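Participant: Okay, structure incoming, though there's no sequence with it:
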């Protein structure tokens, strides 16, 4: 809605009626179609397994996976909490580290020249190849996985926030100079708000990467016990040829991934809905 | 209209000097002479237009006065020295913070001085009133039209009651109708608060309508070639646009500009 919104008389021509109908259909279809597709896929899968009498140790039916999920809820629930905790902690450390490092890079060109190569090296080296070393040097099991997840997750936050801090309107920069703004004022009132959309974009990527980092690290650790996450449960189940449990754990990981994406998208919308184009639909 | 400084505008020739540019030159990159030998006296109450084609150094002159760059040669002297807050600036783009409301945007100069919003709330309201946006305190810039954004930008420039307001082709990107309306309103605001303005433009008609002093500049190298005084009284209305005085001045200024470009008039 814009302020220059003039209330026209209630006259509808055929084209406008068609457009309004399309908009109503779109509003419902946006939710209905994806849900319908998911259920159709599950139905087809169920039918395929039942009709062909596929044994559950080759491909379990969705109903069988659900039963397994309910049956293993204690084990998988614990594993879910472990993975979730690692992922969120890694994301939190990535946010704090990434933003602070971005501010440091922005304030000191020298610091940027010194540290940026390391940030890039950490980013481009596959985590799978660094993880074994981390497991040799770090004893604490949670800390090991956390470090891996953090390395994967922090770079998009760092690079996006750095870009955002540099992307201020040059006229606003001049204006701040004319009004004699201090470095801190410039950072707080100009650069950080300018960087917010960039940071939130980085956060959405980092959320998914933190989960991937946590899962990959668990795979590489390969040690079980009480504090094991979903990835370890998948490995364990595969050794025992417990395919339904593998599917159940996989489903949980997918749900966590979707939930993190939804959460970071919501946070992004919450911060930007008033002013940023990305959060405004249509503009009318 | 109580808190925004009101200054009386004296007639041309009786005004006190506000600042002086002495022998200003600006050379970029060691080779590009943007401005050469510029002398200019600005008085309190002047509405002075810097008029010229692109590349004549008018924006450079403005940036030098704003302190955004230092002259290669010469100096700029403010009567009584330059204080923080002496300047308000309006750029060609509205240059608003998109994440802040209209009122917060206008509050910016105070915020950067460390003053709390509550202490200047009435000043902000008054400035928005002056530009005709009293109902839009809590709107976000994206909800406003181009002309309204420019009004917010003007409100921000004058909210602190600065000694000088610099305007760098502020209406160049607006449509003709909005532009004329803003020209009228700008003069009305000036009548109310008596501000001193340097206005950069490349429009002869805009400069004649608005200003009482027009400084015509020429490019390569950027320099002042002529000053024309428009002694028509304020307030200037729509009738002034069609008057003989207006036409006569527009012709003089156009000729000066054509000469500056090295073409026969």
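Facilitator: That came in fine, so what should we check first? All of these numbers come straight from a predicted model, not from anything done at the bench. Numbers count the residues shown, from 1 in each chain, chains lettered A, B, ... in the order given.

Participant: and residue A:15, what element?
Facilitator: Taking DSSP states H and E as the definition, one finds residue A:15 inside helix A:14-51.

Participant: need the next SSE after the worst-scoring helix or strand of chain A on mean pLDDT, C-terminal direction.
Facilitator: Sorting the helices and strands of chain A by mean pLDDT, DSSP states H and E puts helix A:127-137 at the bottom, at a mean of 86. Once helix A:127-137 ends, the next helix or strand along the chain (criterion: DSSP H and E) is helix A:141-166.

Participant: Where does the prediction get shaky in chain A?
Facilitator: Applying pLDDT under 70 to chain A flags residues A:1-10, A:222-227, A:280-284.

Participant: Would you map the helices across it?
Facilitator: Assigned by DSSP state H, the helices in chain A fall at A:14-51, A:62-71, A:73-107, A:109-124, A:127-137, A:141-166, A:170-178, A:183-185, A:192-221, A:230-239, A:243-272.

Participant: Check the burial of residue B:168 by counting its neighbours.
Facilitator: Each residue near residue B:168 was counted by other C-beta atoms under 10 Å in any protein chain shown, and the total is 22. For every residue, glycine as well, the C-beta is placed using N, CA and C.

Participant: And for the one 5 residues further on?
Facilitator: Residues lying near residue B:173 (other C-beta under 10 Å) number 13.

Participant: Tell me if I am right that residue B:228 is in a strand.
Facilitator: Yes: Residue B:228 sits within a strand when classified using DSSP: H, G, I helix; E, B strand; the rest coil.

Participant: Distance check, it against chain A.
Facilitator: Distance of residue B:228 to chain A, computed by C-beta to the nearest C-beta, to the nearest Å: 29 Å.

Participant: wait, doesn't that residue sit right on residue B:252?
Facilitator: Yes: with contact taken as C-beta atoms under 8 Å, residue B:228 and residue B:252 are classed as touching, separated by 5.6 Å.

Participant: For these two, indicate the residue with more neighbours.
Facilitator: Comparing residue B:228 with residue B:252 by neighbour count (other C-beta under 10 Å), the higher total belongs to residue B:228, at 21 against 18.

Participant: Can you tell me who that one pairs with across the strands?
Facilitator: Counting by DSSP bridges, residue B:228 forms beta bridges with residue B:214.

Participant: which residues touch residue 171?
Facilitator: Unless you meant another one, I'm taking chain A. Residues near residue A:171 by C-beta atoms under 8 Å, 6 or more residues apart in numbering or on different chains: B:91, B:93, B:95.

Participant: I was after chain B.
Facilitator: Taking C-beta under 8 Å, 6+ apart, we find residue B:171 in contact with B:150, B:178, B:179, B:182, B:183, B:206.

Participant: what helix or strand does it sit in?
Facilitator: With secondary structure defined by DSSP H and E, residue B:171 is part of neither a helix nor a strand.

Participant: now the strands for the stretch 1-150 of chain B?
Facilitator: Counting by DSSP state E, counting those that start in this stretch, the segments of the stretch 1-150 of chain B that form strands are B:17-28, B:32-43, B:47-51, B:73-78, B:87-90.

Participant: Output those strands in JSON lines, with distance to chain A, mean neighbour count and mean pLDDT appended to each entry.
Facilitator: As requested, these are arranged in JSON lines below (distance: least, C-beta to the nearest C-beta, whole Å; neighbours: other C-beta atoms under 10 Å in any protein chain shown; pLDDT from 0 to 100):
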{"stretch": "strand B:17-28", "distance to chain A": "15", "mean neighbour count": "17", "mean pLDDT": "93"}
{"stretch": "strand B:32-43", "distance to chain A": "17", "mean neighbour count": "18", "mean pLDDT": "92"}
{"stretch": "strand B:47-51", "distance to chain A": "18", "mean neighbour count": "26", "mean pLDDT": "95"}
{"stretch": "strand B:73-78", "distance to chain A": "14", "mean neighbour count": "15", "mean pLDDT": "93"}
{"stretch": "strand B:87-90", "distance to chain A": "6", "mean neighbour count": "25", "mean pLDDT": "94"}
